[in-house]
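Participant: Have a look; sequence and predicted model below, questions after that.
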Amino acid sequence: MASEPATLAAEDLALLERLAQRVVTLRMEVPAILALEGGSPVSLLAGQTMIFFEPLVQALFRLPDYRRYALLVERREALRALAGMIERLADEREAARGREAAARRAARRGPGA
């Protein structure tokens, strides 16, 4: 399983990383992972649906990477890689928040405590 992300191109991994960062920034990691895990069996259908709606989406929004996202949605290894990235980034965010909270507690105690 660790070798699966290696089948993805570097550009695809960078695109998935940007998407994962956006998901974690919006604090939507739990719904995103549920959707990725639950939607994995129908990933091909989801990707084809995205391609079907591409003209409408492109007419309403400027999404230069939409087609690449649609093609990545069809690949289960891409979905697993995205879920892993989201989990890793969420864990890093929580660890950073824990360190910040510990530093604030230490600062409140003062140097003499």
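Facilitator: Alright, I've got the coordinates.
Participant: Could you identify the longest helix within the protein?
Facilitator: Longest helix of the chain, by residue count under DSSP state H: helix 76-109.
Participant: Packing partners of that one?
Facilitator: helix 10-25, helix 29-39, helix 66-73 (3 or more C-beta pairs under 8 Å, 6 or more residues apart in numbering; DSSP states H and E). Bear in mind the C-beta positions are built from the backbone N, C-alpha and C, glycine included.
Participant: Can you tell me which of these is nearest to Arg88?
Facilitator: The closest of these to Arg88 is helix 10-25. By C-beta to C-beta, the value is 8.0 Å.
Participant: chain center to the closest one, what's the gap?
Facilitator: 6 Å (C-alpha atoms, centre = their mean, to the nearest Å).
Participant: Identify the residues contacting that helix?
Facilitator: Residues outside helix 10-25 that contact it (C-beta atoms under 8 Å, 6 or more residues apart in numbering) are 5, 8, 29, 32, 65, 68-69, 72, 78, 81-82, 85-86, 88-90, 93.
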